[in-house]
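>>> How does the following fold in three dimensions:
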Amino acid sequence: MLNFLKNLSPVEIGVIVLVLLLLFGAKTITNLARTSGRSVREIKKVKRTFTEAVDDDNDKPVKNNQGTA
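Next comes the predicted model:
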């Protein structure tokens, strides 16, 4: 998806960052990075909770509801 980033030199990446700073300002970019970090942390927390719930369900024995005749 982001394979084009492999072809960029450090100078080109620096120019892109500089342009972003000029367009949006340092405060906006800082807030965006902070919000992105919180979002990633929350997604990991939900994933961990879901995984633990599924693992707990798999550990419980399965009841056989079929009656014996």
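>>> which residues of this structure score low on pLDDT?
1, 59-69 (pLDDT under 70).
>>> Mind giving me the packing neighbours of the helix or strand where residue 42 lies?
If you go by DSSP states H and E, residue 42 is part of helix 26-59. Contacts defined by 3 or more Cβ pairs under 8 Å, 6 or more residues apart in numbering; DSSP states H and E place helix 26-59 against helix 10-24. Bear in mind the C-beta positions are built from the backbone N, C-alpha and C, glycine included.
>>> now the angle from the helix it packs on to helix 26-59?
100 degrees (axes from the mean of the first three to the mean of the last three Cα atoms, to 10 degrees).
>>> Show me what counts as buried in helix 10-24.
Neighbour counts over helix 10-24 (16 or more other Cβ atoms under 10 Å) mark no residue as buried.
>>> likewise stretch 26-37?
Buried residues in stretch 26-37 (16+ other Cβ under 10 Å): none.
>>> most centrally placed residue in this protein?
residue 40 (4.0 Å; Cα atoms, centre = their mean).
>>> quick one: that residue from residue 54, how far?
Here the criterion is Cβ to Cβ, to the nearest Å. By it, residue 40 lies 21 Å from residue 54.
>>> From residue 43, how far off is residue 57?
21 Å.
>>> Next: residue 23.
27 Å.
>>> Residue 29: what's it in contact with?
Residue 29 sits next to 20-21 when contact means Cβ atoms under 8 Å, 6 or more residues apart in numbering.
>>> For it, give its distance to residue 57.
For residue 29 relative to residue 57 (Cβ to Cβ), the value is 42 Å.
>>> And for residue 50?
11 Å.
>>> Residue 17 now?
For residue 17, the distance to residue 57 - Cβ to Cβ - is 46 Å.
>>> Repeat that for residue 34.
Distance from residue 34 to residue 57, by Cβ to Cβ: 35 Å.
>>> what's the answer for residue 15, then?
52 Å.
>>> what's around the closest residue to residue 16 other than its chain neighbours, how many residues?
Nearest non-adjacent residue to residue 16, counting by Cβ to Cβ, 6 or more residues apart in numbering: residue 8, 7.8 Å away. The number of residues packed near residue 8 is 12, by other Cβ atoms under 10 Å.
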